[in-house]
Each structure stands twice: as C-alpha cells, then as structure tokens.
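# Sequence and predicted structure, then a few things I'm wondering about:
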Amino acid sequence: MTSIDPESIGNFDYIIIGAGSAGCVLANRLSDDPSNHVLLLEAGGKDNYIWVKIPVGYLYCIGNPRTDWMMKTEAEAGLNGRSLVYPRGRILGGCSSINGMIYMRGQARDYDHWRQLGNSGWGWDDVLPYFMRSEDHAGGADDLHGEGGEWRVEDQRLSWEILDAFRDACVSAGIPETADFNRGNNEGVGYFKVNQRRGLRWSSATAFLKPALRRRNLQVMTQAQVDSLVMDEKRVTGLRFRQGGKVKHATANGAVILSAGAIGSPQIMQLSGIGPADLLQSHGIDVAHHLPGVGGNLQDHLQIRAIYQVSNTVTLNERANSLFGRARIALEYALNRSGPMSMAPSQLGVFTKSDAALDTPDLQYHVQPLSLDAFGQPLHD
C-alpha cells in the first residue's frame, strides 16, 4: 500500500475495473441509465491499433506489450517442466481485442449444472435471454438468436477445400454436421461463427463501449492500473490506482465491480487483503478478509498441435509462400474484406465424445488449412 496521499477524482455510483469483454458490456448497460455516474478503468491503452481491427492482426497483438499482458504460466511437471505463453488482453476490449474472434456459447448442460450447484440465475434458460439481447446475428433472429443487438455474429468470409474435406470425413465417421455451435448442444463438426462485421474484428470495445462514449455520465480512463480496493470494515467503498505516474483514488456509492479477468480480478483482491490468509501473510499483506478460494482453481483448455503433410489440395502455406501470393491475399482483403486476412486462428471446429456413453462432448478440435510451429512463427515451407 502506498503512503503517498492519492489524488481524488471524485465519487461515482459504479466503478468498473477492467474494460475487457465483460467490463465494456457493464459500462454500456449501467450508463444507459442517465442517473448512474459510471467510471470505467482500463490498465491498457486505447484500441486504435490497426492490427486490432484486421482479423489476422491477432498475430501482431498476442505477444505484443502494447496489447498483451505478456504473462507466462509457472513451469509444471505435467508439461515436462515447461511454462506456456498465456495471452491476456491489455487494451480497451481486453481479450476480445486480441483473441480468435470465435463466437461460442457453452453447453446448455454446463449452465444447468451451475444452477444445480446453487448458482441461481445461471441455468441455460436463465442466460439465453441475455445472449440474445446483446446479439446481432447475421442470419437473423430465431428462438435461439437475437438481431439488432451490439454483438455482431457472422459467418466467416472464406472457403477452403481441405476444410470441407475434413468436415465430410467427420460426417462419414459418424460425427453430425452442424451449422451452429451456439444452440445449447455443441456436438458436431462445422465452421465457427465469428465476432466480425464485414471482415473487421468486432470487439467488446467496438460493440458496447464505443456507442456509450458520448454519454456524459460515463467516464473512461486508460493506462489506469488499480493497486488496491479501499474498504470500510468489510465493505468496498472505492479504490486506489496509478495513472501517468500519479496515485489516484475514487469512491463508489453503489458498487465497485471487478472485471479485470481470471488473473487480474483475484490479483487485485489478494493485493487488497482478500484471499487465503497464509498466502497473504507470506507476502506481507494485511488480511482484510480470509477467503481461501481467491486465486485458486483456475481451469483452461490446453491443446495438442498435430501437423500433417497433405497433397492434391491448396493450403495457406502454399498461397503465402511467395511475394505474389501474399500480394494477392492483401488485395483480396483490401477489395472484399475476405480471404486469409479475415481468418480467425481456427476456422473449422469439432466437438465430440471420447466415450459414446457420455452425455455431452468432452473433446474439441480446431482445424486449420495451415501449419506452423507456434502462433507468430513463419508458416512451414
């Protein structure tokens, strides 16, 4: 905790920490009521970086300190002692400004399981209206999709013979074809829907925050790194943060909302003295509230990259292996906003079961018409 007297920037009804995928939505919804005075803080910068807008630009955003927190996991025995790159968006829009743009809801059974565990309001029937409210589905509205919302969902603007062949092979093997992974049952093989509008990334900042910036009751501050929450006994009443070399603080009448991500939110809680007492004390942090679960139980999906050599078809490796080929790719995108420069990192997906006795799929495949050692590395010759 800094001993410098912080500069007050005022009192707000709601303070939102993190202008990422969730924070931008919250800022939009809360500031829609003109009686709410809302502050949105983002540790990163503005999203006016050209590679944020062009879909293939994720290659230049992931691993770039301008847009990425540059995190790495701890080395683990289960990974043969390796640590892995762990991209997290550090920019308006958060991970939605640097990620793969795939629009993917979870399994209906997963949401229902959350409700069965006691999380009232989190069943599939509970969350579906919110998905639909925010959605602008290019295929129009139906009983599972919305139209006219902020969150644009479109088909990909590309076609690959090799991906069509893989899809057909899956169908031959008994995996059903699906045109939509977002209907509550993800099982099947098909092309992913993406958060794009006419070949441009449609991030949470573009969709939700930009339309709200004109509201006088919403204040957005970038390059604002939160140090700690301020508490009055057991109630959070404000926060301290750093911006431009100055320590500042703000107070909240209503709520301080943590939306700094799966890593950032528990970190802020721990730095504020909320978390496992032994851990906090070992780092010299005074315990404000002993809460053992904070900072634990993170789950994420690992992938195994399998590469195959193919013949009698065209891949991106071939299309991009010459100056002329790359020029054609750039021209296609410039003229039509289509082709490889509009590609998400994964185009075709498969959800299937490792055991037919399972109720829902437990395996996911991402299929790409290219091969490389790692994102950001050159394509194989």
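Now that the structure is in, tell me what you want to look at. Numbers count the residues shown, from 1 in each chain.
# show me where the stretch 201-350 of the chain has strands.
In the stretch 201-350 of the chain, strands defined by DSSP state E, counting those that start in this stretch lie at 218-221, 225-232, 235-243, 246-258, 274-275, 289-290, 348-352, listed in chain order.
# right, and those - which one's nearest residue 158?
Residue 158 lies closest to strand 348-352 among the strands of the stretch 201-350 of the chain, at 10.5 Å (CB to CB). For every residue, glycine as well, the C-beta is placed using N, CA and C.
# That closest one pairs with which strands?
strand 188-191 (antiparallel), strand 363-367 (antiparallel) (DSSP bridges).
# In JSON lines: the ones you listed, plus mean neighbour count and mean pLDDT.
Formatted as JSON lines, the strands paired with strand 348-352 follow (neighbours: other CB atoms under 10 Å; pLDDT from 0 to 100):
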{"stretch": "strand 188-191", "mean neighbour count": "22", "mean pLDDT": "98"}
{"stretch": "strand 363-367", "mean neighbour count": "15", "mean pLDDT": "96"}
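# quick one: secondary structure of the closest residue to residue 42 other than its chain neighbours?
What sits nearest to residue 42 in space, not counting adjacent residues and going by CB to CB, 6 or more residues apart in numbering, is residue 19, at 3.7 Å. Secondary structure, DSSP: H, G, I helix; E, B strand; the rest coil: residue 19 is coil.
# Tell me how many other residues crowd residue 19.
For residue 19, the count of nearby residues is 33 (other CB atoms under 10 Å).
# What segments of the stretch 251-381 of the chain are helices?
261-271, 277-282, 316-319, 323-336 (DSSP state H, counting those that start in this stretch).
# Out of those helices, the one nearest residue 371 is which?
The nearest among the helices of the stretch 251-381 of the chain, by CB to CB, is helix 316-319 at 6.2 Å.
# quick one: the residue nearest to residue 42 from residue 47, how far?
9 Å (CB to CB, to the nearest Å).
# Mutual contacts of the two, please.
92-93, 205 (CB atoms under 8 Å, 6 or more residues apart in numbering).
# Closest to residue 353 out of these?
residue 93 (34.4 Å).
# That closest one touches residue 23, doesn't it?
No - Residue 93 is beyond contact range of residue 23, at 9.2 Å (criterion: CB atoms under 8 Å).
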